[in-house]
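[1] Compute the structure for the input listed below.
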Amino acid sequence: MTSRARTAALCAALALLALPTAPTAPAVAAPGPWTAVPAPGGRKGPTAEDRSAFYLEGAPGTVFEDKLSLVNPGDRPRTIELRGTGPWISLAAARVSVPPRTRADVPLTVSVPAGLGPGDHAAAVVASGEGRLVRVPMAVRVSGAALSALSVERVRVTGTGGAAVIRYSLVNRGNTTLAPRLAVRAEGLFGELLRRPATNVPAELPPGRSVRLTEKWPDAPRLDRVRVSVTATAPDGVHASASGSYTPLPWLAPSLAVLGGLAVAGVAVRLVRRRRGARP
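    Reported below is the predicted structural model:
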């Protein structure tokens, strides 16, 4: 190759390197999944500052109206199923098809029964579709005089020794949500055997709710007659208690009674024989 040809080839290569390259398209984040939240006020879309749950308050017989916002940021339609967890909730549609990059507001009504007592009631609107489930909480407060009432029921002990378990039920019989504290106490024939706070107690107990609770007692006595008591106390001072008896060996007391009866009978027979032998 001549020097002139080499020079021409070098110039051509430099020209190719100097050509502007096509700009690389920036990475575009995939749109997020569909969302379900309480509808915001006005025509604006839902934001992080909007409410995350429905909060409704009114007298018995009130009918509340609200909306649920379904947002589809994707590039294809989404079909979403809707339902309420309580009979008070009525949705305008049970199935909604949301077009791409669209927000759909679904009207709903909450009808509070006329004879319902005051207090707090929990429910939810559940949206599901394409493997995704969103639960939108709903808190309904029925106005009126608040009444706090608790009861502890069916206290008993099952098992013996290390397998002993204290079982009982806790019931909220008022119309307000309570956060009770519980204490367990056991008293035997020779003194106190157990005194401690209960475990596995729910943080909140809604009105009308009943829960069954258990308390392990690994060091329960094997020979004793025990009285087990459970006391529940609410922050406003309302308290309730109940107790039950526990005999690890239920046959022990009847057996002792029989043995005692036999001993008394034996003593009586001996006395009778001595009296007869002492007669002339």
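[2] for this structure, which spans come out with low pLDDT?
    1-31, 41-49, 249-269, 271-280 (pLDDT under 70).
[3] Walk me through the domains of it.
    Using automatic domain parsing, the domain parsing of the chain gives 35-41+49-142, 151-248.
[4] Include distance to Arg270 and mean neighbour count when you put those into JSON lines, please.
    C-beta coordinates here come from the backbone N, C-alpha and C atoms, glycine included. Formatted as JSON lines, the domains of the chain follow (distance: least, CB to CB, whole Å; neighbours: other CB atoms under 10 Å):
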{"stretch": "domain 35-41+49-142", "distance to Arg270": "70", "mean neighbour count": "16"}
{"stretch": "domain 151-248", "distance to Arg270": "31", "mean neighbour count": "16"}
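[5] so Glu192 sits right up against Asp224, yeah?
    No: applying CB atoms under 8 Å as the test, Glu192 and Asp224 come out as separate, 11.7 Å apart.
[6] partners of Glu192 in the sheet?
    Taking DSSP bridges, one obtains Glu187 as the residues bridged to Glu192.
[7] how far away is it from Ser229?
    11 Å (CB to CB, to the nearest Å).
[8] Strands along the stretch 51-200 of the chain, start to end?
    Counting by DSSP state E, counting those that start in this stretch, the stretch 51-200 of the chain has strands at residues 54-58, 63-72, 78-84, 89-91, 95-98, 102-111, 119-129, 132-142, 150-158, 165-172, 181-188, 191-197.
[9] any chance of the ones you listed in a markdown table, with distance to Gly237 too?
    Shown next, in a markdown table, are those (distance: least, CB to CB, whole Å):
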| stretch | distance to Gly237 |
| --- | --- |
| strand 54-58 | 25 |
| strand 63-72 | 33 |
| strand 78-84 | 36 |
| strand 89-91 | 34 |
| strand 95-98 | 48 |
| strand 102-111 | 32 |
| strand 119-129 | 18 |
| strand 132-142 | 22 |
| strand 150-158 | 11 |
| strand 165-172 | 15 |
| strand 181-188 | 11 |
| strand 191-197 | 18 |
